[in-house]
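Chemist: just coords:
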Ligand code: CIZ
Ligand code: SF4
């Protein structure tokens, strides 16, 4: 509508005026994703967001996603101004892994390599040997396993268990989950498959094991988008945040994408398959932030120095 058009124009002008670039996650509102594309910003997973923010010449980054993504951008580019439409957008994995408890847990297992998911606080990253995203989790753990290393994995227990099953590595798991992916139900997917027998099932490994087992493709958001594009199926059942449908539909306009059910009886709960924190990013808050700069991301200088090490190792490993 007219209001949206106005916000979009306003944001475009402000980005230009301030030499700022918009970095958005696949789970944000399609309006935000398309705006990032139109303005030369980026729409991607957390790994590519990190790389893009670091490599882009703009002095100001505005990150539409959740807190750990803004923090990662700041850690990798301390000299840049990093803004977010809100500083309240967190993540259940970040919340489920408080640094004091996590650090004590690591201290109890000093012989293990500490691998943490990008969905963690700067302080947890600072305590880690490695940071990974779901797009490189398997490869990195395989690499460490081949060197005979034992591993602590935090915070997502489903992703950790998946990595453990796939690599055979000795992995000690932290007990936390993503409130979105944890809700997908195998029974509901099986029922939906009966209605659409030719549908391929795409699953993000933050989902429970029973759901992963039903998958025709398991992977990070970018890997699932590629699968949607490259697999010959016309219909897909997708077990990840429905924000991803924007990009899947764009890459494969003639295919049909169905939300994987979050209820055991096949009923889909509209709000379950969408992250409430990603949903806090909106056109109005984005425009306001570019005007007011009231949500600048700050990370303690000592933490930046420490957390930068495993983050740069992640980027180098992903090359
Ligand atoms: O669930 C998330 O927050 C994901 C998939 C983040 C990412 O790595 O892009
Ligand atoms: Fe965290 Fe899950 Fe939201 Fe991703 S979708 S930000 S893992 S709560």
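Modeler: Done, it's in. These figures come from a predicted structure and were not determined experimentally. Ligands and ions are numbered 1, 2, ... in the order given.
Chemist: do stretch 70-88 and ligand 1 meet?
Modeler: No: no part of stretch 70-88 sits near ligand 1 under the criterion CB under 6 Å from any ligand atom; the closest distance found is 10.4 Å. In short, each C-beta sits where N, CA and C put it, glycine included.
Chemist: please say whether there is contact between that stretch and ligand 2.
Modeler: No: under the criterion of CB under 6 Å from any ligand atom, stretch 70-88 makes no contact with ligand 2; the nearest approach is 12.0 Å.
Chemist: what residues sit buried inside that stretch?
Modeler: 70-77, 80-87 (16 or more other CB atoms under 10 Å).
Chemist: so of these, which ones are in strands?
Modeler: Cross-referencing these with the strands (criterion: DSSP state E) gives 81-83 as the overlap.
Chemist: closest to residue 174 among the residues you listed?
Modeler: Using CB to CB, residue 82 comes nearest to residue 174 of those, at 26.9 Å.
Chemist: beta partners of that closest one?
Modeler: Judged by DSSP bridges, the bridge partners of residue 82 are residue 61.
Chemist: so it makes contact with residue 61?
Modeler: Yes: the criterion here is CB atoms under 8 Å, and residue 82 meets it with residue 61 at 5.0 Å.
Chemist: shared neighbours of those two, which are they?
Modeler: The contact sets of residue 82 and residue 61 overlap at 53, 73 (CB atoms under 8 Å, 6 or more residues apart in numbering).
Chemist: circling back: which of the buried residues of stretch 70-88 lies closest to ligand 1?
Modeler: For the buried residues of stretch 70-88, the closest approach to ligand 1 (CB to the nearest ligand atom) belongs to residue 72, at 10.4 Å.
Chemist: and the closest one, how close does it get to ligand 2?
Modeler: Taking CB to the nearest ligand atom, to the nearest Å as the measure, residue 72 falls 12 Å from ligand 2.
Chemist: now for the closest residue to that residue other than its chain neighbours, how many residues are close by?
Modeler: The shortest distance from residue 72 to any non-neighbouring residue, by CB to CB, 6 or more residues apart in numbering, is to residue 50 (5.0 Å). Here the count is done by other CB atoms under 10 Å, and residue 50 has 26 residues near it.
Chemist: mind listing what residue 50 touches?
Modeler: For residue 50, the residues meeting the contact criterion (CB under 8 Å, 6+ apart) are 69, 72-73, 76, 118, 311, 314-315.
Chemist: state the helix or strand in which it lies.
Modeler: Residue 50 is part of helix 46-55, with elements assigned from DSSP states H and E.
Chemist: buried residues, that helix. List them.
Modeler: By neighbour count on 16+ other CB under 10 Å, the buried set for helix 46-55 is 46-54.
Chemist: next one: it to chain centre, how far?
Modeler: On the basis of CA atoms, centre = their mean, to the nearest Å, helix 46-55 is displaced by 12 Å from the centre of the chain it belongs to.
Chemist: so is that helix next to ligand 1?
Modeler: Yes: interface with ligand 1: helix 46-55 contributes residue 46 (CB under 6 Å from any ligand atom).
Chemist: picking that back up, which of the buried residues of helix 46-55 lies closest to residue 260?
Modeler: For the buried residues of helix 46-55, the minimum distance to residue 260 (CB to CB) is 21.2 Å, reached by residue 46.
Chemist: what sits against that closest one?
Modeler: Applying CB under 8 Å, 6+ apart, we find residue 46 in contact with 25, 65, 68-69, 72, 118-119, 133.
Chemist: which of those residues sits closest to residue 195?
Modeler: Within the contacts of residue 46, proximity to residue 195 (CB to CB) peaks at residue 25, which comes in at 30.5 Å.
Chemist: contact partners for that closest one?
Modeler: When contacts are counted by CB under 8 Å, 6+ apart, residue 25 is found next to 43-46, 49, 64-66, 69, 243, 278.
Chemist: how many other residues sit next to whichever residue of the stretch 1-150 of the chain sits closest to ligand 2?
Modeler: For the stretch 1-150 of the chain, the nearest residue to ligand 2 under the criterion CB to the nearest ligand atom is residue 91, separated by 3.1 Å. Neighbours of residue 91 under the rule other CB under 10 Å: 26.
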